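Undergrad: build me a model:
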Amino acid sequence: MPIVVNQNLYHGRPPRMDFTRTTVATHAWHISCKGTLMMTELANDQIDGPARLLVVDDEIWICGFLKEVLTYNGYDVVTVTSEDEALRSLEEGEFDLVLTDLMMGELSGYDIIEKTRQLSYAPEVVVMTGNSASEHATRVLKFGAFDYLTKPIESERLHLTIQRALEHRRLKTEVARLSGDDPSVRARVFEGSIGFYDSVTGLANRSLLFDRLDQAILRQTGTRKHIAVIVVSVDQYRQVSLVDGVARGDALLVTVANRLQNVLFDRDTLARPGSDEFAIVAEMDSADTVMMILSKVQQIPELIRSSDGTELRLSLSCGIAMFPGDGRTAQELYSHAFAALDTQQRRGGDGYQFYESRQDRTVRQRINLERRLEIAVRSQQLTLSVQPYYRFANGAPHGGEALLRWKDEQEGHVSPAAFVPLLERSRLIIPVTEWIVGELARLQTDMIQAGFQDYHLSFNVSPVNLQRYDDAARLVALMTEQLPDIHQIVVELTEGIFLSDTDTTIRALALFRDAGIRTAIDDFGTGYSSLSYLTRFYFEFLKVDRSFVSKMDESPKDETVVSAIISMAAQLGMATVAEGVETVTQADKLKHLGCDLAQGYLFSKPMPADQIVDHFKQCNEIEELSPVLEGA
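TA: The predicted model follows:
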């Protein structure tokens, strides 16, 4: 079963306004009626005729649909469906706006944005995406897009977004004509315009932020003063929005925005340039002033908890770039502050980090890797390997763990520790997990036909798959439908699932139990510090992390820890699996401690999934592993 990332305009669901390809005229009339006044005002500004729009999407019917709708509303629309057509049209024509899909095979919306930067006429870019993850939205905005639209696209949102983008382009042209280098004129032009404020918080949006940062740079260039650009992220925003809904997430943003306003001076700028991010532009006589601001920002979570009585563990992460040392343009300063923020978040968040030059390079490398990973998912470049595990009692195979693998065209084999978190951040892990289920269904069928119907197959399920009850329910339904024997499947879960909403986790685990799916705790001892969840949830297997097993040869303390884990699991009715067994000494100690199953290079490295059945046959024929374990 191929990995399917649905990029259709309606994202596999009925359209929100009951419009089909046969009712385009009605759809266009609805847009026209709702936007008559604004369209008329915009038309008065279009001295040289209607705005020219370039629509880029590899779905022919989407291009045709958008062309008919937008043409009806008075735009001059050109549509293209391939990379060559898109690049040629941008070079040969002059467009006011480019409306492009995010992922289109070899071409992406990022490539389109990059191309527009090279053009003298600099059109605005609006990106359409079928992925609703906030990271995608934030990323395309940081890359230079004016805005993004999530499929299914609401007609009013499409209409207003295009108008705002065209108004923004007109204003940029007007500002350049009227102001020259005079920041006060630029301020009056922008402050008097609409569409430059965030609709949720009422703060300046990304466009107005950059203009005010430009003004600050003009004022302070040649002086001894400093400018601090601080990007602040609400660490729990995504969790709150997923679990409690977007309205609750928005309410959290408003609360944080109000607190941030109280921290700043009137001359400072506070903006919301991204989904879970705020940006501060503060001009100061001494660079030391930024530490005072950061101290107050870090106190905000406690102030919210004490005043609102919320039980949510709230924290803020900050990235800081300073003018002139860290950059001399608005784009440089903002990008460098975001790079610093990214570094802090990778360290666990809840703190601040100043920009260092190497951070920018690291962030760019990660973004490029994310882009290639998205292409790899769409083009089915991910593969499965299986690492067997064996019974300590008799050395016989007991099954295997399915492991996700990716061979990147540029970097070769990429560690799952590097690319799986990227899949989780973008929520691409959900369709990838569904693809894994399909692959396991084929593999289990082959195993049953070869006589290995009692062997287990396990695979990892990310906490992201369980954050929403509907996602967990869909996964269980898919497993029930496709897997020949669901009772021989083991779902491996890390301790990280217990850091999210407990009620949702309980309901999700109940789904697995009720369907007869076995569960295992993976990497035990490296994550969640509390053991209380072991008494609240039932798991059949507990996997001892390799970090303990690998040190058993030299460290009596680690051997003691492993012994305690095995004993505890036995008393709780769980079988234990030792990960990363690489030496006979480790195998000897684990067997005598009562460990049930072994997995590691001592017995077998991971192998392509299509080779695992032959491996099991060989093990049964020559019993090659029994002497290793029996001699232990």
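Undergrad: number of residues surrounding Trp435?
TA: Using other C-beta atoms under 10 Å, Trp435 has 19 other residues around it. Any C-beta I mention is one placed from the backbone N, CA and C, and that applies to glycine too.
Undergrad: got the buried residues for the helix or strand hosting it?
TA: Per DSSP states H and E: Trp435 is located in helix 429-449. For helix 429-449, a neighbour-count test (16 or more other C-beta atoms under 10 Å) marks 429-437, 439-441, 443-444, 447 as buried.
Undergrad: who's in contact with the nearest residue to Gly594 once chain neighbours are set aside?
TA: Residue nearest to Gly594 in three dimensions, not counting chain neighbours: Ile566, with 5.4 Å by C-beta to C-beta, 6 or more residues apart in numbering. Contacts for Ile566 (C-beta atoms under 8 Å, 6 or more residues apart in numbering) come out as Val544, Thr576, Leu590, Leu593, Gly594, Cys595.
Undergrad: with respect to Arg536, which of those is nearest?
TA: Distance to Arg536, by C-beta to C-beta, is smallest for Thr576 among those, at 19.5 Å.
Undergrad: can you report how many residues lie near the closest one?
TA: Residues near Thr576, counting by other C-beta under 10 Å, number 25.
Undergrad: I'd say Asp268 and Phe278 touch.
TA: No. Between Asp268 and Phe278 there is no contact under C-beta atoms under 8 Å: 11.8 Å.
Undergrad: more neighbours, those two?
TA: Of the pair Asp268 and Phe278, Phe278 is the one with more neighbours under other C-beta under 10 Å, namely 26 against 19.
Undergrad: who's that one bridged to?
TA: Val232 (DSSP bridges).
Undergrad: before we move on, back to that, can you give me the offset of whichever helix or strand comes after the helix holding Trp435 from its chain's centre?
TA: Later in the chain than helix 429-449, the nearest helix or strand by DSSP H and E is strand 456-460. How far strand 456-460 lies from its chain's middle: 24 Å, per C-alpha atoms, centre = their mean, to the nearest Å.
Undergrad: who does strand 456-460 pair up with?
TA: strand 397-408 (parallel), strand 489-494 (parallel).
Undergrad: so which of those strands is the most packed in?
TA: Mean neighbours per residue, mean count of other C-beta atoms under 10 Å, is largest over these for strand 489-494, with a mean of 22.
Undergrad: returning to what we had before: the strands paired with strand 456-460: which one's closest to Arg164?
TA: With C-beta to C-beta as the yardstick, what comes closest out of those is strand 397-408 (37.2 Å).
Undergrad: what angle sits between the closest one and helix 429-449?
TA: Between strand 397-408 and helix 429-449, the angle formed by their directions is 140 degrees, by axes from the mean of the first three to the mean of the last three C-alpha atoms, to 10 degrees.
Undergrad: for the next helix or strand after strand 397-408, buried residues please.
TA: Next along the chain after strand 397-408, taking DSSP H and E as the criterion, comes strand 412-414. Residues Val414 are the ones in strand 412-414 that count as buried (16+ other C-beta under 10 Å).
Undergrad: tell me how many other residues surround the residue nearest to Asp454 when sequence neighbours are not counted.
TA: Using C-beta to C-beta, 6+ apart and skipping residues adjacent in sequence, the residue nearest Asp454 is Gln488, 7.0 Å away. Neighbour count of Gln488, defined by other C-beta under 10 Å: 21.
Undergrad: against Ile304, how distant is Gln488?
TA: 48 Å (C-beta to C-beta, to the nearest Å).
Undergrad: what do you get for Asp147?
TA: Per C-beta to C-beta, Asp147 is found 29 Å from Ile304.
Undergrad: out of the two, which sits in the more crowded spot?
TA: Asp147 (22 against 18).
Undergrad: so what pairs up with the more buried one in the strands?
TA: With DSSP bridges applied, the residues forming beta bridges to Asp147 are Val126.
Undergrad: residues touching it, list them.
TA: Counting by C-beta under 8 Å, 6+ apart, Asp147 makes contact with Val126, Val127, Leu141, Thr161, Arg164, Ala165.
Undergrad: now His456
TA: His398, Gly399, Gly400, Gln488, Ile489, Val490, Arg518.
Undergrad: let's see it at 6 Å
TA: Counting by C-beta atoms under 6 Å, 6 or more residues apart in numbering, His456 touches Gly399, Gln488, Val490.
Undergrad: and the contacts of the helix holding Trp435?
TA: For helix 429-449, contacts defined as C-beta under 6 Å, 6+ apart pick out 1, 3, 5, 384, 423, 455, 457, 459, 462, 464-465, 478-479, 482-484, 609, 613.
Undergrad: and those residues, which are buried?
TA: 3, 5, 384, 423, 455, 457, 459, 462, 464-465, 478-479, 482-484, 609, 613.
Undergrad: tally of neighbours for Ile300?
TA: Neighbourhood size, Ile300 [other C-beta under 10 Å]: 21.
Undergrad: wait, it sits on Gln261?
TA: No. Using C-beta atoms under 6 Å, Ile300 makes no contact with Gln261, being 10.8 Å away.
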